[in-house]
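>>> Sequence and predicted structure below; questions after.
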Amino acid sequence: MAFRTPFRSVSTRARQTLRIGMIPADGIGHEVLPGAKAAIQALGSSIPKTEFVDLLAGFEYFTRTGTALPEDTVQALQNDCDCAMFGAVSSPSRKVAGYSSPIVALRKKLDLYANVRPVTSVASSPNGQPDVDLVVVRENTECLYVKDETQIIGPNGKEARAIRLITERASRRIGEMAFKIALNRPRKHLTIIHKSNVLSITDGLFRETVRAVPTLPGVDGKYGSVTVAEQLVDSAVYRLFREPHIYDVMVAPNLYGDIISDAAAALVGSLGLVPSVNAGDTFVMGEPVHGSAPDIAGQNIANPLAAIRSAALMLRHLGYTDGADRIERAADEVIREGKCLTPDLGGKSKTTEVVDEVVRRI
Ligand code: NAI
Ligand code: MG
């Protein structure tokens, strides 16, 4: 099912050409992003003329140059691009001096405060109901991902600490986005994910602030039809696996949202299927939910559908609904037919063959 973006179009710059920044970054990012580009190009004249701006970032780039996110890339996105597509980055699990994840930095620099991740299974018939049809709305700028970590030598040895930041402002704007998304979906149901039984101050603030969105000045009963539930994050994952149909829109602080959306991806068959957009008020960046998948990189077997669907989400966000629909329909058809699938979905096809098949159907 198509994901209806309720927020305003960000394509406000008076340009005849849609300029799309392309940041493949690392690993399979290089293999799946060309698929997203091919899908957009296949739309032909149903969207404005497109120009792709190739941009650098990532761990591979860091190892060559000592910087993971060059200032040129940030400037190009801010000044020359209407939107962007990001592949995936290979952030090492150990501390590497001078390195910091460029995607986390980009989300902050461009104030892309929402990571919207629709997780939808493809129904067996085009008009059937999918079993899983939910959207994770993840706060994208704070929580533990402010990465304010320190380590000291205490009386009992090493002590490491991380600051977890939750602000009323960020919680309110992600809450507003989640309510808007819920309002535009058939079921209009929002679940607030938190752990305020333990983290009563930080998660408590998140929970209360999101809950209060319908009472904000100017809202005027607009969200009266949205039902609101809440669930502790641990039992939310349990229920997600046992009864995914209870969820419609799930709004969560950054870390929980990250984990829940990867978990939800398992319900629809593969991380290689789940798209996202990083959205702010003035910019949008499509990005598959998966990482750089070093275990399969360089083999032309990564599933390109998450990246292709992310391109569709980005276009939908910009108001190009028909183009987005065409890409999503083509991807859904390929999955439903089951003849041209990458190994993660039990198929034998190559990345490039799946891209060709989607493009043919667009
Ligand atoms: P991952 O998402 O890269 O891979 C997890 C598993 O899913 C692997 O078995 C992989 O082969 C499979 N997978 C992922 N995408 C696939 C696709 N398109 N087609 C087929 N199979 C796919 O997560 P992992 O392994 O935990 O992390 C690898 C690297 O990616 C790390 O360096 C991590 O920091 C980075 N990462 C980057 C993200 C980003 O750029 N936004 C998000 C998550 C992880
Ligand atoms: Mg993740």
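Right, received. Where do you want to start? Numbering: from 1, shown residues only. Ligands and ions are numbered 1, 2, ... in the order given.
>>> separation between P130 and ligand 1?
20 Å (CB to the nearest ligand atom, to the nearest Å). Just so you know, the C-beta spots here come from the backbone N, C-alpha and C atoms, and that holds for glycine as well.
>>> scratch that, F59
Note on F59: its distance to ligand 1, by CB to the nearest ligand atom, is 7 Å.
>>> so what's that residue scoring on pLDDT?
Per-residue pLDDT puts F59 at 97.
>>> Need the nearest residue in space to it, chain neighbours excluded.
What sits nearest to F59 in space, not counting adjacent residues and going by CB to CB, 6 or more residues apart in numbering, is S90, at 4.4 Å.
>>> of all of the protein, which residue lies closest to ligand 1?
The nearest approach of the chain to ligand 1 comes at G291, 2.3 Å away (CB to the nearest ligand atom).
>>> So for that residue, what's the pLDDT?
For G291, the pLDDT comes out at 96.
>>> pretty sure it contacts V89?
Yes: look at G291 against V89 with CB atoms under 8 Å: they come within range, at 7.5 Å.
>>> For the residue nearest to F59, pull up the helix or strand it's in.
For S90, there is no enclosing helix or strand under DSSP states H and E.
>>> residues contacting the spatially most central residue of the chain?
By CA atoms, centre = their mean, the chain has its centre lying nearest to S276, at 2.6 Å. By CB atoms under 8 Å, 6 or more residues apart in numbering, the contact list for S276 reads N115, V116, R117, P118, S261, G286, E287, P288, V289, S310, L313.
>>> quick check, the last one in a strand?
Read it as L313. No: using DSSP: H, G, I helix; E, B strand; the rest coil, the secondary structure at L313 is helix, not a strand.
>>> Among G291 and V89, which residue is more densely surrounded?
Set G291 next to V89 and count neighbours by other CB atoms under 10 Å: V89 wins out with 27 against 18.
>>> So the more buried one versus F59, what's the distance?
Going from V89 to F59 by CB to CB, to the nearest Å gives 6 Å.
>>> Find the residues that touch each one of those two.
Common neighbours of V89 and F59, counting by CB under 8 Å, 6+ apart, are A25, D26, A68.
>>> Tell me how many other residues surround the last one.
A68 is flanked by 26 other residues according to other CB under 10 Å.
>>> Neighbours of A312, how many?
Residues near A312, counting by other CB under 10 Å, number 29.
>>> For T282, see how far away the residue nearest to the centre of the chain is.
Distance, S276 to T282, using CB to CB: 18 Å.
>>> got it, and G347?
39 Å.
>>> now S124
Per CB to CB, S124 is found 40 Å from T282.
>>> What distance do you get for G157 to Q151?
Going from G157 to Q151 by CB to CB gives 11 Å.
>>> Quick check: residues of the stretch 151-300 of the chain near ligand 1?
Counting by CB under 6 Å from any ligand atom, the stretch 151-300 of the chain comes close to ligand 1 at S270, L271, G272, H290, G291, S292, A293, P294, D295, I296.
>>> Can you verify the third one is assigned to a helix?
Yes: residue state for G272 (three-state DSSP) corresponds to a helix.
>>> If we ignore the residues flanking it in sequence, what's nearest it?
Closest residue to G272 apart from its sequence neighbours, by CB to CB, 6+ apart: N303 at 2.7 Å.
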